[in-house]
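>>> Here you go, sequence then predicted model.
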Amino acid sequence: PRMSVDLDFNLLNSAKEKIVYAKVREIVLKYGKIFDEAMKFYGPIIVLDYGVGERKLKVEISNRQWDNRYEMKNLLGIHMQVMITPDMFAHKLCALLDRSEVTNRDIFDSWFFMQKQTPINRRIVETRMEMLFADYLQRCIDHLEEMSDRGLLNGLGELMDDDMKKFVRTKLRRETISLLRFYKEFPIFA
């Protein structure tokens with residue numbers, strides 16, 4: 001129920017990073033101007049500006065190599081490799097505490113995967129966070145318990161209907177903590 005306004009890709013062949021970057025840049029320029037771009041340590045980022053009054057689109061190409069698994073999906077007749085859901089969930093859960101500060105979208109997305117009882121790739125979590133799965137979940141629980149519900153809509157509200165906004169303001173943090181406790185006690189591994 002949360003619309004993402006970014007495009008995230010994983011570079012499957014790190015030797016082709018510059019070629020992929022140039023091709024994505026060429027495609028992006030057909031739709032607007034480049035607002036910002038950088039070759040960062042973990043891969044290139046391009047921010048597209050569609051024009052006055054429009055959202056900007058961030059395109060990120062990660063060169064980080066994890067034990068990701070992919071499946072073929074068809075979108076409008078185009079076949080592409082898409083990360084499997086348990087791996088997406090693992091990375092989203094890692095992002096909860098992996099960034100310099102917790103983002104509301106990471107809390108929401110983690111809640112979303114857990115309330116759907118999504119299996120998770122434990123190996124990715126343990127490798128990225130360098131600790132046991134249960135220990136990491138406890139860190140997430142502890143961190144969310146210290147937080148306030150104030151400001152949870154920041155960065156989320158404009159993309160949600162009124163019922164979902166009310167849920168985020170009043171229940172998201174507590175329900176996420178409850179689901180983290182459930183996953184710690186009764187993990188659903190892929």
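Everything's here; your move. Source: prediction; values computed, not measured.
>>> What sits closest to residue 107 if chain neighbours are left out?
Among residues not flanking residue 107 along the chain, residue 176 sits closest, at 5.6 Å (C-beta to C-beta, 6 or more residues apart in numbering). Where you see a C-beta, it was placed from the backbone N, CA and C, and this is true even at glycine.
>>> ok, now residue 123?
residue 67 (5.6 Å).
>>> helix, strand or coil for the one you found?
Classification of residue 67 by DSSP: H, G, I helix; E, B strand; the rest coil places it in coil.
>>> so what's it up against?
121, 123-124, 127 (C-beta atoms under 8 Å, 6 or more residues apart in numbering).
>>> confidence score at the residue nearest to residue 107?
At residue 176, the model reports a pLDDT of 99.
>>> all strands for the protein, in order.
Here the chain has its strands, by DSSP state E, at 6-10, 33-40, 43-49, 56-62, 70-75, 78-83.
>>> okay, now residue 14: neighbour count?
Using other C-beta atoms under 10 Å, residue 14 has 11 other residues around it.
>>> Any figure for the gap between it and residue 61?
Between residue 14 and residue 61 the computed distance is 11 Å (C-beta to C-beta, to the nearest Å).
>>> circling back: buried members of the contacts of residue 67 into ChimeraX, please.
Here is the ChimeraX command that selects only those of the contacts of residue 67 that count as buried (16 or more other C-beta atoms under 10 Å):
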select :121,124
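>>> In helices, which of the contacts of residue 67 fall?
123-124, 127 (DSSP state H).
>>> neighbours of the residue nearest to residue 190 when sequence neighbours are not counted, just the number please.
Distances taken as C-beta to C-beta, 6+ apart place residue 86 nearest to residue 190, at 3.4 Å, with adjacent residues excluded. Neighbour count of residue 86, defined by other C-beta under 10 Å: 18.
>>> what does residue 43 give?
20.
>>> Return the backbone torsion pair for the residue located most distally from the centre of the chain.
Ranked by distance from the centre of the chain (C-alpha atoms, centre = their mean), the top residue is residue 52, with 26.9 Å. Torsion angles at residue 52 (phi, psi; degrees, to the nearest 10) stand at phi -60, psi 130.
>>> Who are the contact partners of the closest residue to residue 95 other than its chain neighbours?
Closest residue to residue 95 apart from its sequence neighbours, by C-beta to C-beta, 6+ apart: residue 106 at 4.7 Å. With contact set as C-beta under 8 Å, 6+ apart, residue 106 has these partners: 92, 95-96, 99.
>>> No further questions, thank you.
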